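**Q** Structure here, sequence nowhere to be found:
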Ligand code: NAD
């Protein structure tokens with residue numbers, strides 16, 4: 001199979017590979033779509049076994065950003081970059097400066113930001129060579145700590161799903177949260193404040209104890225989180241939590257959390273639907289992260305300060321989009337993830353058609 005026939009390629013506008021001998025940078029910038037605006041998506045640094053693995057990841061992540069940005073109603077397309085290397089040992093200022101030159105090379109068609117393995121300090125080196133960098137510290141346009149915003153979006157999404165599926169508010173609702181890192185910990189605080197009863201797990205025992213103490217929560221072992229008696233399951237750790245193996249163990253009637261790629265495969269989404277479990281599609285409910293980044297890009301482009309009210313209005317709009325997905329799925333008796341994909345694709349092609357007609 002060639003690159004162009006691979007399922008992950010799916011209409012990518014551009015895939016750029018960069019090598020810098022002096023710093024050792026090997027990176028791929030994948031641009032899935034610039035139909036809605038310049039492509040935006042973070043940079044991931046990962047010790048990929050092969051360049052093919054890195055390419056595959058870049059393609060999947062970049063297409064997912066097109067869908068996420070469209071669902072968050074942003075004037076941004078989808079793109080992603082990956083740097084091949086171990087983030088614990090291979091980072092140097094020169095590597096990120098070379099990355100900045102690579103971003104500059106694609107001529108403003110791609111805005112980068114943080115993702116796994118990349119920090120604001122790394123991006124500051126990239127910024128020396130390109131202005132297409134969001135997620136920086138210490139300037140008026142900076143969006144600051146990004147994790148409270150996705151957590152707020154997820155909180156609003158959980159509340160909506162509970163209202164729809166359980167016909168009640170959050171007071172007394174039992175929520176199991178898998179992973180209490182940046183997003184999970186903020187989500188736990190918000191749910192606790194709204195009266196929810198929490199059951200938490202994390203592989204980091206220290207973080208788990210701290211968040212549980214602050215939110216009066218019950219603690220369970222990571223492997224036990226799928227078996228607890230909860231109304232809502234909120235995956236906030238890594239991807240793939242919902243699989244045909246874990247699904248039969250869940251007692252929750254709602255799945256709504258911050259993690260990316262929650263479904264191990266599309267069959268898990270179909271099975272959720274068959275079992276009558278309401279699933280909030282991950283890239284819709286967790287769009288707060290990219291909304292935050294978009295707020296920073298907007299401020300940088302206008303040479304203005306970051307505007308939290310603009311971000312809040314986008315979060316409100318995101319909740320309406322989630323409602324639209326749930327409504328349509330109910331009306332058409334279809335899985336929510338399929339409906340979300342369809343709406344995302346139509347939001348992208350709709351803009352393209354409007355432009356062609358103008
Ligand atoms: P994080 O690394 O701060 O937190 C993840 C937590 O999950 C960690 O505490 C980790 O110890 C824990 N964990 C890992 N494996 C686990 C397991 N098997 N069982 C239980 N706990 C486990 O990451 P984060 O920034 O909070 O992001 C969490 C998820 O949300 C990720 O999937 C991320 O891609 C997604 N997301 C994050 C943002 C953001 O702005 N931070 C935005 C959108 C989506």
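**A** Looks like it arrived, so ask away. Since the model is a prediction, treat every value here as computed from it, not as a measurement. Residues are numbered from 1 along each chain as shown.
**Q** Can you tell me which residues in the stretch 51-200 of the chain are near the ligand?
**A** Residues of the stretch 51-200 of the chain lying near the ligand by C-beta under 6 Å from any ligand atom: 146, 147, 150, 178, 179, 180, 181, 182, 183, 184. C-beta coordinates here come from the backbone N, C-alpha and C atoms, glycine included.
**Q** close enough to count as contact, the fourth one and residue 237?
**A** This means residue 178. Yes. With contacts counted by C-beta atoms under 8 Å, residue 178 reaches residue 237, the gap being 5.0 Å.
**Q** Count the residues that sit near the residue of the stretch 1-150 of the chain found nearest the ligand.
**A** Residue nearest to the ligand within the stretch 1-150 of the chain (C-beta to the nearest ligand atom): residue 150, separated by 3.9 Å. Around residue 150 sit 24 other residues, with neighbours defined as other C-beta atoms under 10 Å.
**Q** My guess is it contacts residue 258. True?
**A** Yes. With contact taken as C-beta under 8 Å, residue 150 and residue 258 are classed as touching, separated by 5.6 Å.
**Q** check contacts around the closest residue in space to residue 308 that isn't next to it in sequence.
**A** Counting by C-beta to C-beta, 6 or more residues apart in numbering, residue 295 is the residue found nearest to residue 308 once chain neighbours are left out, at 7.7 Å. Applying C-beta atoms under 8 Å, 6 or more residues apart in numbering, one finds that residue 295 lies in contact with 143, 306, 307, 308, 310, 311, 314.
**Q** in which helix or strand would I find the fifth one?
**A** Residue 310 belongs to helix 308-332 when assigned by DSSP states H and E.
**Q** re earlier: what touches both of residue 150 and residue 258?
**A** 183, 286.
**Q** Tell me how many other residues surround residue 85.
**A** Using other C-beta under 10 Å, residue 85 has 21 other residues around it.
**Q** What is the burial count for the closest residue to the ligand within the stretch 101-250 of the chain?
**A** In the stretch 101-250 of the chain, the residue that lies nearest the ligand is residue 181 (1.7 Å; C-beta to the nearest ligand atom). Counted by other C-beta under 10 Å, the residues lying close to residue 181 total 17.
**Q** Isn't it up against residue 237?
**A** Yes. Residue 181 lies in contact with residue 237 (C-beta under 8 Å); the separation is 7.4 Å.
**Q** follow-up on the earlier one: tell me which residues in the helix holding residue 310 are buried?
**A** Buried residues in helix 308-332, counting neighbours by 16 or more other C-beta atoms under 10 Å, are found at 311, 314, 315, 317, 318, 319, 321, 322, 325, 326, 328, 329.
**Q** just the helices in the stretch 101-250 of the chain please.
**A** Using DSSP state H, counting those that start in this stretch, the helices of the stretch 101-250 of the chain run over residues 120-127, 148-166, 182-193, 205-215.
**Q** Make JSON lines out of these and add mean pLDDT.
**A** What follows is the helices of the stretch 101-250 of the chain, written out as JSON lines (pLDDT from 0 to 100):
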{"stretch": "helix 120-127", "mean pLDDT": "94"}
{"stretch": "helix 148-166", "mean pLDDT": "96"}
{"stretch": "helix 182-193", "mean pLDDT": "97"}
{"stretch": "helix 205-215", "mean pLDDT": "97"}
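**Q** what residues are up against the residue lying closest to residue 334 once chain neighbours are set aside?
**A** Residue nearest to residue 334 in three dimensions, not counting chain neighbours: residue 273, with 7.3 Å by C-beta to C-beta, 6+ apart. Contacts for residue 273 were tallied using C-beta under 8 Å, 6+ apart; they are 279, 329, 334, 335, 336.
**Q** And the lowest-mean-pLDDT helix or strand in the chain, what's buried?
**A** Taking mean pLDDT, DSSP states H and E as the measure, helix 336-357 is the helix or strand of the chain with the lowest mean score, a mean of 89. Counting neighbours by 16+ other C-beta under 10 Å, one finds that the buried residues in helix 336-357 are 336, 337, 338, 339, 340, 341, 343, 344, 347, 348, 351.
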